[in-house]
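Participant: the following block contains a protein sequence and its predicted model.
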Amino acid sequence: MQSLLIAVAIGFVVIRSVFAGSAPKATPELIEKGKAAYVTNCVTCHGDNGDGEGPAGKYMNPKPRNFIKDKFKKGNKPEQLFQTITNGLDGTAMTSYKHLSEEERWGIAHYIAATFKKKK
C-alpha cells in the first residue's frame, strides 16, 4: 500500500510539472512587474536594450542572447521563455532563476516577448 501511495505521489508531481506553467495573460501590470524584475536580474548580461551588451555580457563567451536579432535557443513564446528563465541554458552563463517567484518569471517572459521584437 505504501508503495502505491508513493507511486501516486510521484505521478502527481510529474504530471503537475508537465502541465504547470500555462501562461497567464500578458496584462500591463504583469509586464510592468516583468520589466522591474528584468532590470534587477537580467540587465547586467542582456543590457537595457536587450542587445546582450550589458556590463557583464560584454565579457561572456558565449555572449548573452541579443533579444532583437538573435534566434532564441528554446523558442520566443512566453511559455518557452518562462522555461528558459526557470531552468537556464546548459553550456551558457544563463542560470536558473527558480529563486524568483513564478509571477516574476512570467512577467520577465512577457516583458521580453512584448518589448524585444526581432527586427526584420
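Facilitator: Perfect, thanks for sending it. Numbering: from 1, shown residues only.
Participant: who's in contact with the nearest residue to residue 92 once chain neighbours are set aside?
Facilitator: In this structure, residue 92 finds its nearest non-sequential neighbour in residue 62, 5.7 Å apart by Cβ to Cβ, 6 or more residues apart in numbering. All C-beta atoms are positioned from the backbone trio N, CA, C, and that covers glycine. Taking Cβ atoms under 8 Å, 6 or more residues apart in numbering as the contact definition, residue 62 lies against 91, 92, 93.
Participant: from those, pick the one nearest residue 56.
Facilitator: residue 93 (8.2 Å; Cβ to Cβ).
Participant: returning to what we had before: strands - which of the contacts of residue 62 land there?
Facilitator: Using DSSP state E, no member of the contacts of residue 62 falls in strands.
Participant: where's residue 63 relative to residue 82, distance?
Facilitator: 22 Å (Cβ to Cβ, to the nearest Å).
Participant: who has more neighbours, those two?
Facilitator: Counted by other Cβ atoms under 10 Å, residue 63 and residue 82 do not tie: residue 82 has more neighbours, with 24 against 17.
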